[in-house]
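K.L.:
The following block contains a protein sequence and its predicted model.
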Protein chains: 2
Amino acid sequence: MPRRTPSRTVPGELALIESIRTRAARTDSLSSALKIGIGDDCAILRPKPGHDLCVTTDFSLENVHFHRDWHSPQSAGHRCLARGLSDLAAMGAEPVAVFLSLALPAHTPAAWVEDFLDGLLALAARHHVPLAGGDTAQSPASNRNHPGLIAADIVAVGQLPARSPRLRSGARPGDAIYVTGALGGSGAELLSLARNPKKSRSFAAPKAAAPAHPHLYPQPRLAQGRRLRSLAHAMIDISDGLSTDLAHLCRASGLAAELDEAALPIHLLAVAAQRSGLAPSALDLALHGGEDYELLFTAPPTARIPRSIAGVPIHQIGTMRPPSRRQPLIVLSTCASQKIPIAPAGWEHFRPENRTK
Amino acid sequence: MPRRTPSRTVPGELALIESIRTRAARTDSLSSALKIGIGDDCAILRPKPGHDLCVTTDFSLENVHFHRDWHSPQSAGHRCLARGLSDLAAMGAEPVAVFLSLALPAHTPAAWVEDFLDGLLALAARHHVPLAGGDTAQSPASNRNHPGLIAADIVAVGQLPARSPRLRSGARPGDAIYVTGALGGSGAELLSLARNPKKSRSFAAPKAAAPAHPHLYPQPRLAQGRRLRSLAHAMIDISDGLSTDLAHLCRASGLAAELDEAALPIHLLAVAAQRSGLAPSALDLALHGGEDYELLFTAPPTARIPRSIAGVPIHQIGTMRPPSRRQPLIVLSTCASQKIPIAPAGWEHFRPENRTK
């Protein structure tokens, strides 16, 4: 019998756990900090002496964070892990282990689960991080006509030298604001997928983890985060959109920010989306599109920030300002020399207008 | 306006996160190992020198692990955390921090979320463990008539002296098999709730965390696990039922087991369930009922195992045997001096016969 008959559905939980465990066990040796992986009540981690551990958890819910019509299972698995690793990158941490809790409706094709794991484990291998445990469950049917939805929760654990995290709260007035990579590409690719869902199938292979697919295969900026740890005052990843995540950083640091429109590195896909009429404004995608998974950080104007790290360009996009009651939290200096307020307008759950995403 | 108007529904994600964060922040000081709690890209943990970290994740899904008709929100929150803490107990670990990922359908009553957190944080406080982070998301509607289901994933992190975990694989032939507390109580209380759902409302207060409610308020055996760490060869918690979890331990250790029916500590609620006709057999509840969250461990026959730890009795219930091709993995020596094979028949997801639980 071929290994992947499309009609095969998820076997009993023990068999599913066994299948995940077998694949995960092959990843155990990726981290010397992982002492006991999948198979006991807990995994056991031993960080390097003098290191702290960072922990983050992120949901990937079907029809919220991914759509089976838009995202191949490989992309869904890749994105699930990228969300967690990007949070580690924002702390300047080195990944140590990840954990996957996965709820599957009855009759989920086994091939979907295998391909989801392919996407997740390919990204894990690239960053030398083992899948060390997790949980599996049957996702409940909401009624007879609907078998339920896939829900994944990724837990990422990293280590970093004690007392060296770069928090959101560390920015100082006068700091320059920087961003890695380019902005708006993920939003632009998502618009394109929503219009033509079949397109994503041709990007199914994990090999396609190229900058050309910022939405389907975002690259967590781990190498950049580790390098920037000693240079930045404050750091955060852009998961909800520049406007929303910069507002988080401003509030945590008790400061305001001024962005320079001309300096924003707008992704070519966002420019193309505006030109083709797919999106009204490439600038809006860059400011509010979300899910770019780039790093946003501040550093003293005198800091020697490299122009690129591991092939990823870094751009200065603005300046941190003292807070002011009369001024909005974030203003944009436009190319026409105007200053316009920027309200956080990235992704937020539970907002009525977002309930279709 | 009163704080808890029943018609209030979940506010925007930022407001919800803010509410959880405010409550969680008050718990930060519970653990000296927690350096940075909720509010940044990651939490930061610093285990005691010479200690390893244990990590476990467990889903609590509506209509799988809890039912809003059967479980008060306090009980659902308590049980969600108890699942994670029980895994730490099984390693002999001391809890350091927990993380909660919570997906809520639109229009979930805000009071439900508050009460769920009440239940979870009351148990957390009892074990001095802070809520250090997590994720929130809107649970997707499956169709117009169904707004979606609540999904929680708990991550529990503990610490224990390096090289001292008690794994499932450590049992040796001739070891005595022990169990903490009593068995079958959770299954018996669940049967009673399923028959009369309204009953659980009267047990809503977290104060009711008594042995009288082994299903609604199971008590993770953390103190017992820490004490047993130096005495046991192998340890596991009974979450899926004695028959299933003992089979896990047997397989991991490459051994078989013989249980002594007369020695099984059967919970009074299970005995009462049989007497009243609610359950056909108290013994079946004790063997297969699941969710007792007691510790199952093995130790050399010469080990001085206390009769109770922190008020919880400990009973010897059998002996580990060398494996045999002709013998089943687990046999039960009955009170009638017969030896009958016991197949693992506790809870397993994705099995057709379990799809109604």
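P.N.:
Okay, I see it.

K.L.:
Next, the buried residues of stretch A:266-281.
P.N.:
Using 16 or more other Cβ atoms under 10 Å in any protein chain shown as the test for burial, stretch A:266-281 gives A:Ile266, A:His267, A:Leu269, A:Ala270, A:Val271, A:Ala273, A:Gln274, A:Leu278, A:Ala279. All C-beta spots, glycine's among them, are computed from the backbone N, C-alpha and C.

K.L.:
Now flag whichever of those residues is closest to A:Lys48.
P.N.:
A:His267 (36.2 Å; Cβ to Cβ).

K.L.:
If we ignore the residues flanking it in sequence, what's nearest that closest one?
P.N.:
Nearest in space to A:His267, with sequence neighbours left out and distances taken as Cβ to Cβ, 6 or more residues apart in numbering or on different chains, is A:Gly185 at 3.1 Å.

K.L.:
about what we covered before: and the buried residues of stretch A:266-281, which is closest to chain B?
P.N.:
Using Cβ to the nearest Cβ, A:His267 is the member of the buried residues of stretch A:266-281 that lies nearest chain B, at 22.1 Å.

K.L.:
just checking, that closest one touches A:Ala212?
P.N.:
No: contact criterion Cβ atoms under 8 Å: A:His267 and A:Ala212 do not qualify, at 10.2 Å.

K.L.:
Where do the strands of chain A begin and end?
P.N.:
Along chain A, the segments classed as strands by DSSP state E run A:34-36, A:43-45, A:51-61, A:94-105, A:131-139, A:151-161, A:176-180, A:234-238, A:256-260, A:294-299, A:308-309, A:312-321, A:330-333, A:339-341.

K.L.:
looking at those, which is buried most?
P.N.:
A comparison of those by mean neighbour count, using mean count of other Cβ atoms under 10 Å in any protein chain shown, puts strand A:294-299 on top with a mean of 28.

K.L.:
Tell me what angle that one forms with strand A:176-180.
P.N.:
160 degrees (axes from the mean of the first three to the mean of the last three Cα atoms, to 10 degrees).

K.L.:
For strand A:294-299, which strands pair with it and how are they oriented?
P.N.:
strand A:176-180 (antiparallel), strand A:234-238 (antiparallel) (DSSP bridges).

K.L.:
Next one: A:Ala202, what pLDDT does it get?
P.N.:
Actually, residue A:202 is Ser rather than Ala. Reading off the confidence values, A:Ser202 has pLDDT 56.

K.L.:
what's the answer for A:Ala205, then?
P.N.:
Model confidence at A:Ala205 (pLDDT) stands at 51.

K.L.:
can you check A:Gly311 too?
P.N.:
Reported pLDDT for A:Gly311: 94.

K.L.:
Could you check how far it is from chain B?
P.N.:
A:Gly311 sits 23 Å away from chain B, going by Cβ to the nearest Cβ, to the nearest Å.

K.L.:
repeat for A:Gly39
P.N.:
Distance, A:Gly39 to chain B, by Cβ to the nearest Cβ: 7 Å.

K.L.:
thinking again about what came up before, export the strands of chain A to TSV and tack on distance to B:Thr56?
P.N.:
Shown next, in TSV, are these (distance: least, Cβ to Cβ, whole Å):
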stretch	distance to B:Thr56
strand A:34-36	11
strand A:43-45	7
strand A:51-61	12
strand A:94-105	8
strand A:131-139	7
strand A:151-161	10
strand A:176-180	33
strand A:234-238	26
strand A:256-260	40
strand A:294-299	30
strand A:308-309	35
strand A:312-321	35
strand A:330-333	40
strand A:339-341	45
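
K.L.:
Contacts only, for the nearest residue to A:Asp237 once chain neighbours are set aside.
P.N.:
Leaving aside its chain neighbours, A:Asp237 sits nearest to A:Ala90 (4.0 Å; criterion: Cβ to Cβ, 6+ apart). Contacts of A:Ala90 were listed using Cβ atoms under 8 Å, 6 or more residues apart in numbering or on different chains, and they are A:Arg166, A:Gly225, A:Met235, A:Ile236, A:Asp237, A:Leu295, B:Asp41, B:Cys42.

K.L.:
Let's see that with 10 Å instead.
P.N.:
A:54, A:56, A:165-168, A:220-222, A:225, A:228, A:232, A:234-239, A:245, A:293-297, B:40-42 (Cβ atoms under 10 Å, 6 or more residues apart in numbering or on different chains).

K.L.:
Low-confidence stretches in the stretch 51-200 of chain A?
P.N.:
A:142-144, A:198-200 (pLDDT under 70).

K.L.:
Neighbours of A:Cys335, how many?
P.N.:
Residues lying near A:Cys335 (other Cβ atoms under 10 Å in any protein chain shown) number 10.

K.L.:
who's in contact with A:Ala303?
P.N.:
Here A:Ala303 is in contact with A:Asp175, A:Ala176, A:Tyr178, A:Leu228, A:Ser230, A:Leu231, A:Ala232, A:His233 (criterion: Cβ under 10 Å, 6+ apart).

K.L.:
Look up phi and psi at the fifth one.
P.N.:
The phi and psi torsions at A:Ser230 (degrees, to the nearest 10) take the values phi -90, psi -10.

K.L.:
same question, the first one
P.N.:
The phi and psi values for A:Asp175, taken as degrees, to the nearest 10, are phi -60, psi 140.

K.L.:
burial of it, as a residue count?
P.N.:
For A:Asp175, using other Cβ under 10 Å, the count is 24.

K.L.:
which one is it nearest to, not counting chain neighbours?
P.N.:
Of all residues not flanking A:Asp175 in the chain, A:Thr298 sits nearest, at 3.8 Å (Cβ to Cβ, 6+ apart).

K.L.:
quick one: pLDDT of that neighbour?
P.N.:
97.

K.L.:
partner residues bridging it?
P.N.:
With DSSP bridges as the rule, A:Thr298 is bridged to A:Ile177, A:Ala234.

K.L.:
my read: A:Thr334 touches A:Glu258, true?
P.N.:
No: using Cβ atoms under 10 Å, A:Thr334 is not in contact with A:Glu258; the gap is 11.4 Å.

K.L.:
before we move on, the earlier item: could the contacts of A:Ala303 go into CSV alongside distance to A:Ser29?
P.N.:
CSV is the format used below for the contacts of A:Ala303 (distance: Cβ to Cβ, whole Å):
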residue, distance to A:Ser29
A:Asp175, 41
A:Ala176, 41
A:Tyr178, 36
A:Leu228, 29
A:Ser230, 29
A:Leu231, 32
A:Ala232, 32
A:His233, 37
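
K.L.:
still on that earlier bit, what's the overlap in contacts for A:His267 and A:Ala212?
P.N.:
A:Gly185, A:Glu189.

K.L.:
I'd assumed A:Val155 was in contact with A:Cys80.
P.N.:
No: using Cβ under 10 Å, A:Cys80 makes no contact with A:Val155, being 11.0 Å away.

K.L.:
which residues are common contacts for the two?
P.N.:
A:Asp58, A:Val98, A:Leu100.

K.L.:
So what does A:Thr302 have for phi and psi?
P.N.:
According to degrees, to the nearest 10, A:Thr302 has phi -90, psi -10.

K.L.:
who touches it in this structure?
P.N.:
A:Gly174, A:Ala176.

K.L.:
again with A:Val155
P.N.:
Contacts of A:Val155 by Cβ under 10 Å, 6+ apart are A:55-58, A:84, A:97-101, A:132-134, B:55-57, B:99, B:101, B:134-135, B:153, B:155, B:157.

K.L.:
make it 7 Å
P.N.:
A:Val155 makes contact with A:Val55, A:Thr57, A:Gly84, A:Val98, A:Phe99, B:Thr57, B:Val155, according to Cβ atoms under 7 Å, 6 or more residues apart in numbering or on different chains.

K.L.:
Nearest residue to it in space, please, no chain neighbours.
P.N.:
Nearest one to A:Val155, counting by Cβ to Cβ, 6+ apart, is A:Phe99 at 4.0 Å.

K.L.:
Now do the helices for chain A: every range, in order, please.
P.N.:
Secondary structure of chain A (DSSP state H): helices located at A:13-25, A:73-91, A:110-126, A:185-195, A:222-228, A:242-253, A:268-275, A:282-288.
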